[in-house]
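Colleague: using only what follows, build the 3D model:
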Amino acid sequence: MFGKGIIKGFIETARNFAGSYHDPARMVTLQYPEEKRALPENSRNFPFLVFDGNDPIKGLRCVSCKICEKECPPQCIYIVNERDERGKPLKHPKIFDIDISVCMSCQICVEVCPFDSIKMDQAYELSATERFKKLILHKQDLAKSNDYYHRIHPTEADAVDAILEAERKQHEAKKSAASSETPPAKQ
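Modeller: A predicted model of the protein is given here:
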């Protein structure tokens, strides 16, 4: 019979069409603004800064070493060190800006950060009614808590926290060993 394959194809197409309306496992369409698809843990969009504690500015892990600024291929990161009254640079940034209109989400800044202060966010709804309102993210916009980091990347966050805790304990052990080995003062 001529066209037997075409008829089988039409039957299969009709079965798939009808099944897509009745089988809940096959209903894949989401009503986007109301329903949002859960993102996989390894998804990434733009960088953010992790802070520990309750204060988003004083608790930043960033020590403004500027490695991320130097290694960024599109040069979209801008950092200015905080300085004390004598002009000596302090260990936290005064300005930390990322131009997201230039950022290509390459994650190089995350990889080169020795203090695990920059991580990739999953937020993708960054549109605004004003054209230049959200193109440059400032330190206040970028600072997100360690709890937020644990919510979006739980496996990676647990590993990072374990490493930071081990480094903190090692530093305290060296500090206590150095203070116990201090020779008595000469008279």
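Colleague: now do the residue sitting nearest the centre point of the chain, the pLDDT please.
Modeller: Centroid check for the chain by CA atoms, centre = their mean gives residue 120 as the closest residue, at 2.3 Å. The predicted structure scores residue 120 at 94 on the pLDDT scale.
Colleague: sec struct for residue 111, please.
Modeller: Following DSSP: H, G, I helix; E, B strand; the rest coil, the label given to residue 111 is helix.
Colleague: count the residues that sit near it.
Modeller: 10 (other CB atoms under 10 Å). Every residue, glycine included, has its C-beta placed from N, CA and C.
Colleague: before we move on, what's the pLDDT of residue 147?
Modeller: 95.
Colleague: surely it is in a helix?
Modeller: Yes: assignment of residue 147 by three-state DSSP places it within a helix.
Colleague: now do the contacts for the residue nearest to the centre of the chain.
Modeller: Residue 120 is in contact with 44, 45, 46, 47, 48, 105, 107, 110, counting by CB atoms under 8 Å, 6 or more residues apart in numbering.
Colleague: hmm, residue 104 and the first one touching each other?
Modeller: Put plainly, it is residue 44. No: distance between residue 44 and residue 104: 11.3 Å, which falls outside the contact criterion (CB atoms under 8 Å).
Colleague: compare those two (neighbour count), which wins?
Modeller: For the pair residue 44 and residue 104, the greater number of neighbours falls to residue 44 (18 against 12), based on other CB under 10 Å.
Colleague: do a quick rundown of the helices in the chain.
Modeller: When assigned using DSSP state H, the helices of the chain occupy the ranges 4-22, 67-71, 108-112, 139-142, 146-152, 154-180.
Colleague: dump those to CSV, plus distance to residue 95.
Modeller: Formatted as CSV, the entries for the helices of the chain read as follows, by distance: least, CB to CB, whole Å:
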stretch, distance to residue 95
helix 4-22, 52
helix 67-71, 11
helix 108-112, 16
helix 139-142, 7
helix 146-152, 22
helix 154-180, 25
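Colleague: for residue 124, which of these is the nearest?
Modeller: Evaluated over the helices of the chain, closeness to residue 124 peaks at helix 146-152, with 11.9 Å, by CB to CB.
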